[in-house]
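Peer 1: Just to be clear, the model below is a prediction. Sequence and coordinates:
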Amino acid sequence: MPRKEIIKVLIVEDHPLFRKGLASFIGNIPGYTIAGEADNLSDAMHIAEHEKPGLVILDINLKEESGMELIPWLKSHNPDIAILVLSMYEERYYSERVLRLGALGYIMKDEAVNKIEDAIKTVMSGKVYLSDSERERIIEVMSGENVKGLNDWTAAIRKLSDRELQIFTCIGKGLGTIEIASRFKLSPKTIDSHKEHIKTKLHCNSSQELRQLAIEWINHPGAP
């Protein structure tokens with residue numbers, strides 16, 4: 001009888017206690033082993049290159065970095081890798097984005113432990129994992145139907161590209177153009193261009209109005 005292949009898992013999470021707890025939990029699931037743990041993009045890439053995990057579980061927020069940037073890198077190096085995003089941020093703002101980037105699932109950190117195991121096994125089978133409510137919402141959006149409960153925040157944030165959402169979030173946290181440019185390794189001119197696009201999409205008439213809206217977003221439930 002052939003021996004069942006052990007699936008190697010890489011965990012990318014910047015909260016040590018949560019990361020260790022998750023590693024311990026996954027390590028006890030038959031057929032899975034922890035290939036490595038990382039709290040930043042550089043270490044995650046290094047481990048992925050050397051260990052070649054079959055599954056990566058990552059958070060969106062990694063201190064000063066975004067876990068979303070890791071998804072296309074992982075897929076470009078291994079198209080068959082399964083990626084599950086495990087985050088505290090609401091699905092409705094990020095699930096479509098991470099799926100477009102190449103992830104197969106999105107689950108909230110406050111879900112029950114058995115749900116996390118279900119999510120892992122679902123993405124490892126090649127299927128998409130989302131909560132029932134989020135799956136229904138996306139189907140309604142794709143079919144062009146009005147989404148029940150769709151509020152102004154959801155509609156507005158959906159207009160922004162992934163990079164624009166990152167910059168908008170930084171603005172809400174009080175970062176200036178130079179600081180944002182340094183964080184994303186872009187020129188201040190490029191950041192200013194993104195800001196103008198954001199202002200247009202969110203119908204802001206001034207930088208002050210954009211800043212105020214960004215601050216409100218930061219304080220909105222489910223935002224970073």
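Peer 2: Ah, there it is. Numbers count the residues shown, from 1 in each chain.

Peer 1: Quick one: mean pLDDT over the longest helix anywhere in the chain.
Peer 2: Using DSSP state H to assign secondary structure, the helix with the most residues in the chain is helix 188-201. Taken as a whole, helix 188-201 has a mean pLDDT of 91.

Peer 1: What are the buried residues along stretch 38-48?
Peer 2: For stretch 38-48, the neighbour count (16 or more other C-beta atoms under 10 Å) marks Ala38, Asp39, Asn40, Leu41, Ala44, Met45, Ile47, Ala48 as buried. Using the backbone N, CA and C atoms, a C-beta is placed for each residue, glycine as well.

Peer 1: My error: substitute stretch 66-82 in the last question.
Peer 2: Buried residues in stretch 66-82, counting neighbours by 16+ other C-beta under 10 Å, are found at Ser66, Gly67, Met68, Glu69, Leu70, Ile71, Leu74, Lys75, Asn78, Ile81, Ala82.

Peer 1: show me the contacts for the residue nearest in space to the middle of the chain.
Peer 2: With distances taken as C-alpha atoms, centre = their mean, the chain has Ile60 as the residue nearest its mean C-alpha position (3.8 Å). With contact taken as C-beta atoms under 8 Å, 6 or more residues apart in numbering, Ile60 is in contact with Ser66, Gly67, Met68, Val85, Ser87, Tyr89, Tyr94, Val98, Pro224.

Peer 1: now with 7 Å?
Peer 2: Taking C-beta atoms under 7 Å, 6 or more residues apart in numbering as the criterion, Ile60 is in contact with Ser66, Gly67, Met68, Val85, Ser87, Tyr89, Tyr94.

Peer 1: returning to that earlier point: next structured bit after the longest helix of the chain?
Peer 2: Downstream of helix 188-201, the next assigned helix or strand under DSSP states H and E is helix 207-218.

Peer 1: elements contacting that following helix?
Peer 2: If contacts are counted by 3 or more C-beta pairs under 7 Å, 6 or more residues apart in numbering; DSSP states H and E, helix 207-218 sits against helix 162-172, helix 188-201.

Peer 1: which one of those helices is the most hemmed in?
Peer 2: The highest mean neighbour count among the helices and strands packed on helix 207-218, using mean count of other C-beta atoms under 10 Å, belongs to helix 162-172: a mean of 21.

Peer 1: same for that one, what does it pack against?
Peer 2: Helices and strands touching helix 162-172, as assessed by 3+ C-beta pairs under 7 Å, 6+ apart, comprise helix 177-184, helix 188-201, helix 207-218.

Peer 1: Output those as CSV; include the columns distance to Gly126.
Peer 2: Rendered in CSV, the data for the helices and strands packed on helix 162-172 read as follows (distance: least, C-beta to C-beta, whole Å):
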stretch, distance to Gly126
helix 177-184, 32
helix 188-201, 34
helix 207-218, 35
